[in-house]
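Asks: model this:
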Amino acid sequence: MAWIILFFAGVLEVVWAYSMRLSHGFSRPIPSLITLITMAGSFWLLAFAMRTIPLGTAYTVWTGIGSVGAFLVGIILLAEPVNAMRILAAGLIVSGLVLMKLSSS
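Replies: Below is the predicted model of the structure:
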């Protein structure tokens with residue numbers, strides 16, 4: 001159950017990163033509010049997951065989900081550039097996440 005909670009904490013991290021971009025430096029109220037709410041939810045779920053998942057593993061997986069998720073949102077929704085080096089970098093992050101999960105079984 002803690003891994004599922006950690007996954008959703010990572011998803012909320014992606015949402016708050018994207019809504020922060022849409023807030024234009026917190027100058028737009030709705031995206032700013034979404035950022036703050038999803039940020040609080042993400043931190044709360046991370047803290048909850050850390051009750052059973054070790055700190056290093058939980059934090060690494062949480063930031064990894066956020067990093068790769070934000071990378072994908074940037075490509076899909078913001079038309080950010082895609083090239084082999086960026087895809088390789090994201091793939092290495094995913095590989096690291098898989099290894100972290102396998103090492104904490």
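
Asks: So what's the gap between stretch 85-95 and the chain middle?
Replies: From the chain centre to the centre of stretch 85-95 is a distance of 15 Å (CA atoms, centre = their mean, to the nearest Å).

Asks: can you pull the buried residues of that stretch?
Replies: Ala90, Ile93 (16 or more other CB atoms under 10 Å). Where C-beta positions appear, they are placed from N, C-alpha and C, glycine not excepted.

Asks: can you list contacts of it?
Replies: Gly64, Ser67, Val68, Phe71, Leu72 (CB atoms under 8 Å, 6 or more residues apart in numbering).

Asks: Separate out the buried members of these.
Replies: Judged by 16+ other CB under 10 Å, buried ones among the contacts of stretch 85-95: Gly64, Ser67, Val68, Phe71.

Asks: Just the CA trace of the helix or strand hosting the third one, in CSV.
Replies: Using DSSP states H and E, Val68 sits within helix 55-78. In CSV, the C-alpha atoms belonging to helix 55-78 read as follows (Å, rounded to 0.1, in the frame of the first residue of the first chain):
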residue,chain,number,x,y,z
LEU,A,55,13.7,7.7,3.6
GLY,A,56,16.4,7.4,0.8
THR,A,57,14.2,5.0,-1.2
ALA,A,58,11.0,7.0,-0.8
TYR,A,59,12.5,10.3,-1.6
THR,A,60,14.4,9.0,-4.6
VAL,A,61,11.4,7.4,-6.1
TRP,A,62,9.2,10.4,-5.4
THR,A,63,11.6,12.8,-7.1
GLY,A,64,12.2,10.4,-9.9
ILE,A,65,8.5,10.1,-10.6
GLY,A,66,8.2,13.9,-10.5
SER,A,67,11.3,14.3,-12.8
VAL,A,68,10.2,11.9,-15.5
GLY,A,69,6.6,12.9,-15.2
ALA,A,70,7.5,16.6,-15.6
PHE,A,71,9.7,15.7,-18.5
LEU,A,72,6.8,13.9,-20.2
VAL,A,73,4.4,16.7,-19.5
GLY,A,74,6.9,19.2,-20.9
ILE,A,75,7.1,17.2,-24.1
ILE,A,76,3.4,16.4,-24.5
LEU,A,77,1.8,19.6,-23.3
LEU,A,78,4.4,22.3,-23.6
